[in-house]
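Colleague: sequence? don't have it. structure:
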């Protein structure tokens, strides 16, 4: 069973609907979920907010966050997840923002990805350092991690 299939089973059993807000994964997370037949039972929508302007326009992220701490931060991941939850009518939202590479900086290295998970009970965030393993691998690892976050939230 794939992670997306496990998510579908867990969300169905819990009667929950999920949504996604993606940046560095560019829709791959929503794609992984909707690759599974029957995903329309638990997936309402996903939004790709690759630019800072899109994060503000579509998710309500405060543009001051970009100036003060940057788009790759737990604060922005939190705002993205909160915005997705509020705008979608879903029960749970996950957000992904990071530096897939190539590139990065001393302060924000390639492979750093921030995640947000929002429910009616609040928002949690975390940062994962996947390392400079290459753009495709960082994006794939980010999708898997986000799916695991959703499954974990539905399990607990």
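Modeller: In hand now; what should we look at? Not measured: the values here are computed from a predicted model.

Colleague: in the chain, where's the longest helix?
Modeller: helix 135-155 (DSSP state H).

Colleague: what packs against that one?
Modeller: helix 3-14, helix 28-34, strand 92-98, strand 112-119, strand 122-129 (3 or more CB pairs under 8 Å, 6 or more residues apart in numbering; DSSP states H and E). Using the backbone N, CA and C atoms, a C-beta is placed for each residue, glycine as well.

Colleague: what about the residue sitting furthest away from the middle of the chain, distance to residue 138?
Modeller: When distances are taken from the C-alpha mean of the chain, residue 106 lies farthest, 23.7 Å away, according to CA atoms, centre = their mean. According to CB to CB, to the nearest Å, residue 106 and residue 138 sit 18 Å apart.

Colleague: spatially central residue for this protein, please.
Modeller: Centre-nearest of the chain using CA atoms, centre = their mean is residue 95, 2.4 Å out.

Colleague: returning to what we had before: let me know the pLDDT of the residue farthest from the centre of the chain.
Modeller: pLDDT for residue 106: 80.

Colleague: just residue 156 next, same as before
Modeller: At residue 156, the pLDDT value in this model is 68.

Colleague: next, count neighbours for the residue nearest to residue 28 when sequence neighbours are not counted.
Modeller: Nearest residue to residue 28, sequence neighbours excluded (CB to CB, 6 or more residues apart in numbering): residue 143, at 5.1 Å. Residues near residue 143, counting by other CB atoms under 10 Å, number 22.

Colleague: please report the distance of residue 143 from residue 3.
Modeller: Noted for residue 143: a distance of 8 Å to residue 3, by CB to CB.

Colleague: give the residues shared as contacts by those two.
Modeller: Both residue 143 and residue 3 are contacted by residue 32, under the criterion CB atoms under 8 Å, 6 or more residues apart in numbering.

Colleague: so, low pLDDT: which residues of the chain?
Modeller: 156 (pLDDT under 70).

Colleague: next one: phi and psi at the closest residue in space to residue 70 that isn't next to it in sequence?
Modeller: Residue nearest to residue 70 in three dimensions, not counting chain neighbours: residue 108, with 6.6 Å by CB to CB, 6+ apart. Backbone torsions of residue 108, given as degrees, to the nearest 10, read phi -140, psi 90.
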